[in-house]
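Colleague: Predicted model, plus sequence, below.
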Number of protein chains: 2
Amino acid sequence: MADEDFVVTPWEVRGKVDYEKLVEKFGTQRITSDLLQRWEKHAPLHPMLRRGVFYSHRDFDWALEMYEKGNRFYLYTGRGPSGHTHIGHMMPWMFTRHMQEVFKVKLYFQLTDDEKFVFNDSLTREQVREYAYENALDLIALGFEPHNTKIFLDTEYIHTLYPIAIEVAKRVTFSTAKAVFGFENSNNIGEIFYTSMQAVPAFLGSVREGKNVPCVIPCAIDQDPHFRVARDVAEQAGYYKPAMFYCKMLPSLSGGDKMSSSAPGSAIYTVDTQKEARKKIMNAFTGGCATVQEQREKGANPEVCAVFAYFFNIFEEDGARLAELDQQCRTGKILCGECKGRLAERVLAFLKTHQERREKAKDRLDEYMLRD
Amino acid sequence: MADEDFVVTPWEVRGKVDYEKLVEKFGTQRITSDLLQRWEKHAPLHPMLRRGVFYSHRDFDWALEMYEKGNRFYLYTGRGPSGHTHIGHMMPWMFTRHMQEVFKVKLYFQLTDDEKFVFNDSLTREQVREYAYENALDLIALGFEPHNTKIFLDTEYIHTLYPIAIEVAKRVTFSTAKAVFGFENSNNIGEIFYTSMQAVPAFLGSVREGKNVPCVIPCAIDQDPHFRVARDVAEQAGYYKPAMFYCKMLPSLSGGDKMSSSAPGSAIYTVDTQKEARKKIMNAFTGGCATVQEQREKGANPEVCAVFAYFFNIFEEDGARLAELDQQCRTGKILCGECKGRLAERVLAFLKTHQERREKAKDRLDEYMLRD
């Protein structure tokens, strides 16, 4: 944090993230109005696009051009199963689901149980495996199409993944891994190797189809270091570079920039009870004032408010209503308690439906798990 | 090579190897006469034991003690399939075969196709895979018992190996790998991870049986760095440390310390024709003099002679006859040409039988390959 006030790596988010600076630092492209216009030929703009939740990319224009020429891409995203799924994890999945629907494309979903095992001293292989299957239920509950969705755990699908992973690993020096991820001598050799595994699904579609197929990876921008490596290796290994489609991270309910398993109040998990979820929302960090009177007079600040962020990113898709809420907040017409109450209503309804779908998903795992 | 005149690593042997110094450098134990006496309770001493071809170990006395208490060990050895098998590769396998017979134990034989792929720029995955199956034929041709011998390629048996490999990898820092193998920043991350894979079969017997089983690894001493790592990790991971049983390396036919694929005349391959093998032997480096007359007068030196080394290590099991040959050589009673002729006779007969068995092995691969 020497010359910047924030750190973003695949394993750590610290400080107040400046997403514009991140684009420069990582060297990604901005999603421009031109690109959005091209998108609109295929579908109306999803709120996450209109609002810049998805805001950066690498070569997505190329993937869209390929698509328009009849060379359909596939999607790849994933999850490191270090715990239960929270709503922040699902934000890019919801958009990925939308992309699957719009473009009628296949999704490979990687559960990196090996990653979470080697990076976490306190997790056993059995624990990450259990979380992986729990996380898979959440993905399925979001309505992904079974015929177009292939979920796998690294350790279970390793027979297909490992030969591709060593093709990647052979082309990545320790120098590169060190520069990209900041590894030190104390990192273990599983951590050092791991990026090879995260690269694999970017090429898996091509390997399985026996010809090069473009790949688009929608995910949070903190994963960019992995995919810089994957993109560097791609052409030498005879594949297309994967295109990237990056979103910001859902802020912590308790303030700060990313939800964290070490602070349970900072995120709403899909396994939370209605009571737990409501309590977290009612305790959320807002942009309100110290007293009701002050807030009625001066208004509050939605820009720093976790509750507003939940509406903005996910829970208020209607642009006019969101603008109205913003206005009411800034002018002190709505107080934080009421606003939290409204969010709780939305979130609890979402959770109720999601948990029902999640329960049904338990019988549908076989339709989704990639075994061959 | 600053303070020593030789280098021995799993990937390089350079200079004149001083095997006694190696024991000190690696910190292994010598095979003592006490240990040999304990061995003799089970079987007469094999020539490779009597002559100190197998000369060093780690904890083999412990494994023997366990065995004598009814806790049978299993054997593990292997091959990096970077090319065809030569007689030097088979030297430890021949002894391993003897151990299987004496102790009636199981052998796991690892073909490290992943290793040879990540460590060799010029080898493709398909090439190492083909060599691996060629090498497997040579193992089978040596007469290993099918019910007690399980052969596997790393990439093909990865489903079982990988979960154990990440247990190892999690416990090995880059510092350790760097210190043990001399890795630099230019090494690729597949090379850095690889030692985790070579450690796995040391624990595989325990994993498959669901209880701790001692493991004995007969191999050339150049592999010790890998097994130092495996032994360091073993107890933390809940397994016994593997016991090691180390041999020297069969010298190059053309002089020097290890046979090398880059100098085809330095080794006799199991796929060589009778003509090729004879030619290599007739061109071998010996301890002879410049002229016949000089040799008749002064005698030759069997200690530096590759032809004598072949007799000593493998092709003259009879101690009295070997001593006689030694005597004849030193006193100039036998000249190098005649001696080479005698060796050629032995080697060509061996090759003929081996190649017939190797041919038959092609139909027997299924009996040996570990798939479950």
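Modeller: That came through fine.
Colleague: Quick check: what element follows the helix or strand bottoming out on mean pLDDT in chain A along the chain?
Modeller: Using mean pLDDT, DSSP states H and E, strand A:12-15 stands out as the lowest-scoring helix or strand of chain A, at a mean of 86. Next in sequence after strand A:12-15, counting helices and strands by DSSP states H and E, comes helix A:19-26.
Colleague: starting at the chain centroid, how far to the least confident helix or strand of chain A?
Modeller: In terms of C-alpha atoms, centre = their mean, to the nearest Å, the centre of strand A:12-15 is set 16 Å apart from its chain centre.
Colleague: Tell me the buried residues in it?
Modeller: Neighbour counts over strand A:12-15 (16 or more other C-beta atoms under 10 Å in any protein chain shown) mark residue A:13 as buried. Heads up, the C-betas are built off the backbone N, CA and C, glycines and all.
Colleague: Show me what that strand is packed against.
Modeller: Judged by 3 or more C-beta pairs under 8 Å, 6 or more residues apart in numbering or on different chains; DSSP states H and E, strand A:12-15 is in contact with strand A:6-9.
Colleague: Can you dump the C-alpha atoms of the least confident helix or strand of chain A in PDB for me?
Modeller: Taking C-alpha atoms only, strand A:12-15 is exported to PDB below (Å, rounded to 0.1, in the frame of the first residue of the first chain):
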ATOM      1  CA  GLU A  12      -7.000 -10.300  -0.800                       C
ATOM      2  CA  VAL A  13      -8.900  -7.000  -1.100                       C
ATOM      3  CA  ARG A  14      -7.700  -4.300   1.300                       C
ATOM      4  CA  GLY A  15      -8.500  -0.600   1.500                       C
END
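Colleague: so what strands line up beside that strand?
Modeller: Looking at strand A:12-15 with DSSP bridges, its partner strands are strand A:6-9 (antiparallel).
Colleague: Identify the residues contacting the partner strand?
Modeller: Outside of strand A:6-9, the residues within contact range by C-beta atoms under 8 Å, 6 or more residues apart in numbering or on different chains are A:1, A:13-18, A:22, A:181-182, A:221-222, A:225, A:257.
Colleague: from these, which two are the most distant?
Modeller: Taking C-beta to C-beta as the measure, those span a maximum distance of 22.3 Å, between A:16 and A:181.
Colleague: Same drill for the two, tell me which one is more crowded.
Modeller: Between residue A:16 and residue A:181, counting by other C-beta atoms under 10 Å in any protein chain shown, residue A:181 is the more crowded of the two (19 against 10).
Colleague: contacting residues for the more buried one?
Modeller: Contacts of residue A:181 (C-beta under 8 Å, 6+ apart): A:9, A:10, A:195, A:225.
Colleague: can you check residue A:349 too?
Modeller: So residue A:349 contacts nothing (C-beta under 8 Å, 6+ apart).
Colleague: would you say it is within a helix?
Modeller: Yes - assessed with DSSP: H, G, I helix; E, B strand; the rest coil, residue A:349 lies in a helix.
Colleague: As a check, name the ranges of all strands in the stretch 51-200 of chain A.
Modeller: In the stretch 51-200 of chain A, the strands defined using DSSP state E, counting those that start in this stretch lie at A:54-58, A:74-79, A:107-111, A:149-153.
Colleague: Tell me which of the ones you listed lies nearest to residue B:69.
Modeller: With C-beta to C-beta as the yardstick, what comes closest out of the strands of the stretch 51-200 of chain A is strand A:149-153 (40.1 Å).
Colleague: that older thread, make CSV from the contacts of strand A:6-9 and add distance to residue A:51 to it.
Modeller: Output for the contacts of strand A:6-9, formatted as CSV (distance: C-beta to C-beta, whole Å):
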residue, distance to residue A:51
A:1, 28
A:13, 20
A:14, 25
A:15, 23
A:16, 19
A:17, 16
A:18, 18
A:22, 17
A:181, 31
A:182, 32
A:221, 15
A:222, 19
A:225, 25
A:257, 17
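Colleague: which among these gets closest to chain B?
Modeller: Ranked by distance to chain B (C-beta to the nearest C-beta), the contacts of strand A:6-9 are led by residue A:181 at 10.4 Å.
Colleague: so what's the closest one scoring on pLDDT?
Modeller: Predicted confidence (pLDDT) for residue A:181: 96.
Colleague: Could you do residue A:263 as well?
Modeller: Taking residue A:263 on its own, its pLDDT is 75.
Colleague: which element is the residue lying closest to it once chain neighbours are set aside on?
Modeller: Leaving aside its chain neighbours, residue A:263 sits nearest to residue A:254 (6.3 Å; criterion: C-beta to C-beta, 6 or more residues apart in numbering or on different chains). Using DSSP H and E, residue A:254 sits in no helix or strand.
Colleague: burial measure for residue A:254, as a count.
Modeller: Other residues close to residue A:254 by other C-beta under 10 Å number 17.
Colleague: How about the residues of chain A by chain B?
Modeller: Taking C-beta under 8 Å from any C-beta of the partner chain, the part of chain A that reaches chain B is made up of A:114, A:117-118, A:125, A:155-156, A:158-159, A:162-163, A:166-167, A:169-175, A:177-178, A:183-190, A:192-193, A:195-196.
Colleague: What lies in contact with stretch A:40-52?
Modeller: A:31, A:36, A:39, A:53-54, A:91, A:94-95, A:98, A:102-103, A:247-248, A:312-313, A:317, A:319.
Colleague: Dump the strands of the stretch 51-200 of chain A into CSV; add mean pLDDT as well.
Modeller: As requested, the strands of the stretch 51-200 of chain A are exported to CSV (pLDDT from 0 to 100):
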stretch, mean pLDDT
strand A:54-58, 98
strand A:74-79, 98
strand A:107-111, 98
strand A:149-153, 98
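Colleague: Where do the domain boundaries of chain A fall?
Modeller: By the assignment in automatic domain parsing, chain A contains the domains A:6-249, A:264-360.
Colleague: from the ones you listed, which stretch is densest packed?
Modeller: Highest mean neighbour count among the domains of chain A (mean count of other C-beta atoms under 10 Å in any protein chain shown): domain A:6-249, with a mean of 20.
Colleague: Pull up the distance across that domain, start to finish.
Modeller: Start-to-end span of domain A:6-249 (C-alpha to C-alpha, to the nearest Å) is 14 Å.
Colleague: same thing with stretch A:113-132?
Modeller: First-to-last residue span, stretch A:113-132, C-alpha to C-alpha: 7 Å.
Colleague: which helices and strands sit right next to the helix or strand hosting residue A:227?
Modeller: Per DSSP H and E, residue A:227 falls inside helix A:224-234. If contacts are counted by 3+ C-beta pairs under 8 Å, 6+ apart, helix A:224-234 sits against helix A:19-26, helix A:158-169, helix A:174-181, helix A:189-199, helix A:201-209, strand A:243-247.
Colleague: what about 6 Å?
Modeller: Packing partners of helix A:224-234 (3 or more C-beta pairs under 6 Å, 6 or more residues apart in numbering or on different chains; DSSP states H and E): helix A:174-181, helix A:189-199.
Colleague: So for the longest one, mean pLDDT?
Modeller: Right, the one you point to is helix A:189-199. On average, the pLDDT along helix A:189-199 is 98.
Colleague: Pull the residues that contact that helix.
Modeller: With contacts defined as C-beta atoms under 6 Å, 6 or more residues apart in numbering or on different chains, helix A:189-199 is touched by A:115, A:118-119, A:154, A:165, A:168-169, A:177, A:183, A:226, A:229-230, B:166, B:169-170, B:172, B:177, B:189, B:192-193.
Colleague: ok, now with 7 Å
Modeller: The set of residues external to helix A:189-199 that reach it, using C-beta atoms under 7 Å, 6 or more residues apart in numbering or on different chains, is A:112, A:114-115, A:118-119, A:154, A:161, A:165, A:168-169, A:172, A:174, A:177, A:183, A:226, A:229-230, A:233, B:166, B:169-170, B:172, B:174, B:177, B:189-190, B:192-193, B:196.
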